[in-house]
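Peer 1: dropping the sequence and predicted coords here.
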Amino acid sequence: MKFLVIELPNGKNSQQNSPTKVFLLTLSLILISSIPLGLLKSSHSPLPSPKINISSLNSIELEKKCDVFNGKWVPHRQGPYYTNETCRLIIDQHNCMKFGRPDSEFMKWRWKPDDCELPLFDAAQFLEMVRGKSMAFVGDSVGRNQMQSLLCLLADVTYPEDISHKFSSDINYFKRWFYADYKFTLATFWSPFLVKSRDADADGHSFNSLMSLYLDEADEAWTNEIENFDYVIISAGQWFFRPIFFYEKGKLVGCHNCNENNITSLTRYYGYKMAFRTAFRTLLSLKNYKGTTFLRTFSASHFENGDWDKGGNCVRTRPFTSQEMKLEEYNLEFYLTQVEELRKTEKEGKKIGLTFELLNTTEIMWLRPDGHPNSYGRSMNRNAAVNDCVHWCLPGPIDTWNEFLLYLMKREVLLRLKAKLMKNA
């Protein structure tokens, strides 16, 4: 591990430049001290205590860049951070142990990057980082699944107050939590397509009914409030498998799987690309948005022995091995499509001081067919068991997403610190 190093120019303590050195060193210490104390204390943190070398001030070295998303699942005998008994906020949809899942080995694996260590999640450290700030999850129910994981991870320190009723009448899909001791707000905005949508099926809404998407109009369910948030985790996925009409500039431009001969056939990936393009462009254009945006990438389902509506299930109890793992074409295509849009947005964001980050969960979660509720959960909309191979048990492999999230947040703090110091050097 490389430490943050502050060096004086030329390795000398010459009398001529001492005022400049003193100023820069003082500035450096002030900036370092502005990082919450919790960040510098944790034994699991990739942010070591600053090491000041007064021989030079012309370089600031961060921990060697490591791709934490490249690695493998390894046994972790210590087990999960929490259980369904120690966290009272697990909803029935994810509460696999409550509903009788007989095995527990799926909770005893941890992601190990190839070239570095992924720090354990430190709830106290996270809460110090977000003190006085706000975070929003924008997307579908898998995005909400990640937020539920975060609630349980933070419960190791404190529980929040549910203030959803103050902001929405639909408190199942638009949740808001407040951590009073930290003045931290955590929210989820239901927007499965990220863009404006409506039902288009004459028979009404169902699990596989026809939808209309307005690909150049971001969904106001999240855009009307997102400017106030400091961190935004954006995602979308499984809803794009539906039959869909695509509209642009108010006109029908094509459809996916709509079985209409007189309408141009477009792939689901086209709609996916345009939805993310619109979402990212919206964030770039919002006058008051100053937050950091994380793209949480496509999360695959693991239905075997049939589709989700034809008896498919997910009964495996171990991760795939590298030999078994072959990312299906549609998973890869969804991933590549959204990442391409993110990379374009990153460049535009830098021009106006906005940060867009990749939170890559696609490949690591494809390796975890054992992590879903299958029949050991309950439907969100009715108290009935369903074979759910889309969402993730809590606790379970989805907790790793929030280890990634904290790692990226801490890395951003150091990168900004380095930029400030280099600018003033």
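Peer 2: Great, that's in hand.
Peer 1: would you map the helices across this structure?
Peer 2: 18-33, 37-41, 123-129, 141-154, 220-223, 268-285, 329-352, 362-366, 399-424 (DSSP state H).
Peer 1: give me the mean pLDDT for the first one.
Peer 2: Average pLDDT, helix 18-33: 42.
Peer 1: going forward, begin numbering at 31 instead of 1
Peer 2: Done: numbering now begins at 31, and the last item shifts to helix 48-63.
Peer 1: from the chain's centre, how far out does stretch 172-191 sit?
Peer 2: 13 Å (C-alpha atoms, centre = their mean, to the nearest Å).
Peer 1: next, the buried residues of it.
Peer 2: 172-187, 190 (16 or more other C-beta atoms under 10 Å). In short, each C-beta sits where N, CA and C put it, glycine included.
Peer 1: do stretch 128-145 as well
Peer 2: Residues 131, 136-137, 139-141 are the ones in stretch 128-145 that count as buried (16+ other C-beta under 10 Å).
Peer 1: just the ones of these in strands?
Peer 2: Taking DSSP state E as the definition of strands, the buried residues of stretch 128-145 contribute 139-141.
Peer 1: nearest to N125, of the residues you listed?
Peer 2: Taking C-beta to C-beta as the measure, N125 sits nearest to W139 out of those, at 19.4 Å.
Peer 1: neighbours of the closest residue to the closest one other than its chain neighbours, how many?
Peer 2: Counting by C-beta to C-beta, 6 or more residues apart in numbering, W139 lies nearest to W103, which is 4.6 Å off, once chain neighbours are set aside. Look at W103: counted by other C-beta atoms under 10 Å, it has 20 neighbours.
Peer 1: and the residue nearest the centre of the chain, how far from S194?
Peer 2: Nearest residue to the geometric centre of the chain (C-alpha atoms, centre = their mean): R326, 4.1 Å. From R326 across to S194, the span is 22 Å (C-beta to C-beta, to the nearest Å).
Peer 1: one more: D133?
Peer 2: Taking C-beta to C-beta, one finds D133 at 34 Å from S194.
Peer 1: stretch 251-261: which residues count as buried?
Peer 2: For stretch 251-261, a neighbour-count test (16+ other C-beta under 10 Å) marks 251-253, 255-256, 259-261 as buried.
Peer 1: and the two most separated of those residues?
Peer 2: The two members of the buried residues of stretch 251-261 with the most space between them (C-beta to C-beta) are A251 and D260, at 19.5 Å.
Peer 1: is it true that F310 touches V369?
Peer 2: No: proximity of F310 to V369 does not meet the contact threshold set by C-beta atoms under 8 Å, at 11.6 Å.
Peer 1: please say which of those two ends up with more neighbours.
Peer 2: Shown here are F310 and V369; by other C-beta under 10 Å, F310 has more neighbours (24 against 17).
Peer 1: excluding chain neighbours, what is closest to that one?
Peer 2: Here the residue nearest F310, using C-beta to C-beta, 6+ apart, is T375, at 4.0 Å.
Peer 1: let me know the pLDDT of the one you found.
Peer 2: Reported pLDDT for T375: 98.
Peer 1: tell me the contacts of it?
Peer 2: 310-311, 313-314, 386 (C-beta atoms under 8 Å, 6 or more residues apart in numbering).
Peer 1: so where's the stretch 181-330 of the chain uncertain?
Peer 2: 236-237 (pLDDT under 70).
Peer 1: could you pull out the strands in it for me?
Peer 2: 191-192, 205-209, 214-220, 225-229, 241-248, 261-264, 274-278, 281-286, 322-326 (DSSP state E, counting those that start in this stretch).
Peer 1: now for the longest one, which elements pack on it?
Peer 2: Packed against strand 241-248, as judged by 3 or more C-beta pairs under 8 Å, 6 or more residues apart in numbering; DSSP states H and E, are the following elements: strand 225-229, strand 274-278, helix 298-315.
Peer 1: follow-up on the earlier one: dump the strands of the stretch 181-330 of the chain into a markdown table; add distance to V420 as well.
Peer 2: Formatted as a markdown table, these follow (distance: least, C-beta to C-beta, whole Å):
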| stretch | distance to V420 |
| --- | --- |
| strand 191-192 | 25 |
| strand 205-209 | 19 |
| strand 214-220 | 16 |
| strand 225-229 | 19 |
| strand 241-248 | 17 |
| strand 261-264 | 18 |
| strand 274-278 | 18 |
| strand 281-286 | 19 |
| strand 322-326 | 15 |
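Peer 1: out of the helices of the chain, flag the one nearest T347.
Peer 2: Smallest distance to T347 across these (C-beta to C-beta): 16.2 Å, for helix 392-396.
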